[in-house]
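J.: attaching a predicted model along with its sequence, questions to come.
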Amino acid sequence: TNRTFTMLKPDSVEKGYIGAILEKINAAGFRIVAMKMTQMTVANAEEFYAVHNERPFFGELVEYMTRGPIIAAILEKENAVEDFRALIGATNPADAAEGTIRKLYAASMGENAVHGSDSDENAAIEAAYHFSGREQF
Ligand code: ATP
């Protein structure tokens with residue numbers, strides 16, 4: 001087993017999709033190791049998405065990710081990172097496969113409902129950024 005980190009982004013919370021998305025995550029066999037509602041500050045989002053800081057959409061991305069609360073969670077499953085990326089679907093919901101979370105719940109590339117870590121290394125970094133050891137079960 002291993003772990004991935006996810007955020008249900010502000011659009012998912014605003015639209016009332018928390019329950020539906022968690023249902024999909026549960027049905028796909030992920031165990032919830034940690035979870036909370038929190039709001040990223042501008043500094044948090046700039047740090048979290050630092051890899052994109054030269055991209056034209058960076059300002060829009062930071063504004064989006066900080067405009068309201070998110071659900072942050074750590075998920076456990078065999079092959080967690082890859083299987084969760086498959087469950088959420090392509091970054092652009094227009095390209096996301098049928099039945100994926102982004103196909104079902106995301107509006108656009110800029111408001112794409114969920115985050116999933118892209119490597120085991122980043123999953124560990126992102127999980128530690130949001131949760132202390134005592135918050136992980
Ligand atoms: P995430 O890291 O959120 O799981 P991802 O790994 O599928 O998404 P990245 O390429 O890392 O995609 O981009 C990070 C986030 O930046 C995307 O989820 C999306 O919200 C935003 N983003 C990426 N490309 C664009 C774009 N061309 N226009 C607007 N927003 C974008």
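T.: Great, that's in hand.

J.: tell me the contacts of the residue lying closest to Tyr105 once chain neighbours are set aside?
T.: Leaving aside its chain neighbours, Tyr105 sits nearest to Ala113 (4.5 Å; criterion: CB to CB, 6 or more residues apart in numbering). From N, CA and C alone the C-beta is placed, and that goes for glycine too. Counting by CB atoms under 8 Å, 6 or more residues apart in numbering, Ala113 touches 8-9, 11-12, 17, 21, 88, 93, 101-102, 105-107.

J.: name whatever forms a beta bridge with the residue nearest the centre of the chain.
T.: Centroid check for the chain by CA atoms, centre = their mean gives His115 as the closest residue, at 2.3 Å. Beta-bridge pairing for His115 (DSSP bridges): Met7.

J.: circling back to that earlier point, how near is the residue nearest to Tyr105 to the ligand?
T.: Separation of Ala113 from the ligand (CB to the nearest ligand atom, to the nearest Å): 9 Å.

J.: would you mind giving the contacts of Ala113 as CSV with neighbour count, secondary structure and pLDDT added?
T.: Converted to CSV, the contacts of Ala113 look like this (neighbours: other CB atoms under 10 Å; DSSP: H, G, I helix; E, B strand; the rest coil; pLDDT from 0 to 100):
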residue, neighbour count, secondary structure, pLDDT
Leu8, 24, strand, 98
Lys9, 24, coil, 98
Asp11, 21, helix, 98
Ser12, 23, helix, 98
Tyr17, 22, coil, 98
Ile21, 21, helix, 98
Ile88, 24, helix, 98
Pro93, 21, helix, 98
Ile101, 26, helix, 98
Arg102, 24, helix, 98
Tyr105, 23, helix, 98
Ala106, 26, coil, 98
Ala107, 12, coil, 97
